[in-house]
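> Have a look at this fold, sequence not included:
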């Protein structure tokens, strides 16, 4: 009898972008995204998620956004493993990694 092999769930990389109409919801969505990924630009994050994490993240966001005013977009870049180094280029102002939180006034 063959040994049971552990099922490994592949992580995929997603670009998560949002447009939130209310400042309080915006701060909440920002924090949720920050908990799941790397902050690239104001309302843009890169998140490496397995299928379970993706569903949980989307469920969490769904309960905090107003569906007739807000929008969150997930762009799948495919499997996180084997893709090579992340390369980000910019036009205009140079890309710089966000280490500080985003504040809405």
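Cool, got the structure. All values derive from a computational prediction rather than experimental measurement.
> Could you list the low-pLDDT ranges of this structure?
For the chain, the stretches with pLDDT under 70 are 1-8, 97-105.
> all helices for it, in order.
Using DSSP state H, the helices found in the chain span residues 23-36, 51-62.
> orientation of the first one relative to helix 51-62 in degrees?
Orientation check (axes from the mean of the first three to the mean of the last three CA atoms, to 10 degrees): helix 23-36 against helix 51-62 gives 170 degrees.
> so of the helices of the chain, which one's packed in deepest?
Neighbour counts (mean count of other CB atoms under 10 Å) averaged over each of the helices of the chain peak at helix 23-36, with a mean of 16. Every residue, glycine included, has its C-beta placed from N, CA and C.
> Name the surrounding residues that touch that helix.
Outside helix 23-36, the residues that touch it by CB atoms under 8 Å, 6 or more residues apart in numbering are 16, 18, 20, 39, 43, 45, 47, 49, 53, 57, 60-61, 64-66, 70, 72, 101-102, 104.
> For ChimeraX, what selects the buried ones among these?
Those of the contacts of helix 23-36 that count as buried under 16 or more other CB atoms under 10 Å are selected in ChimeraX with:
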select :16,18,20,39,43,45,47,49,57,61,65,70,72
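> Filter the contacts of helix 23-36 down to just the ones in strands.
Counting by DSSP state E, the contacts of helix 23-36 place 16, 18, 39, 45, 47, 49, 72 in strands.
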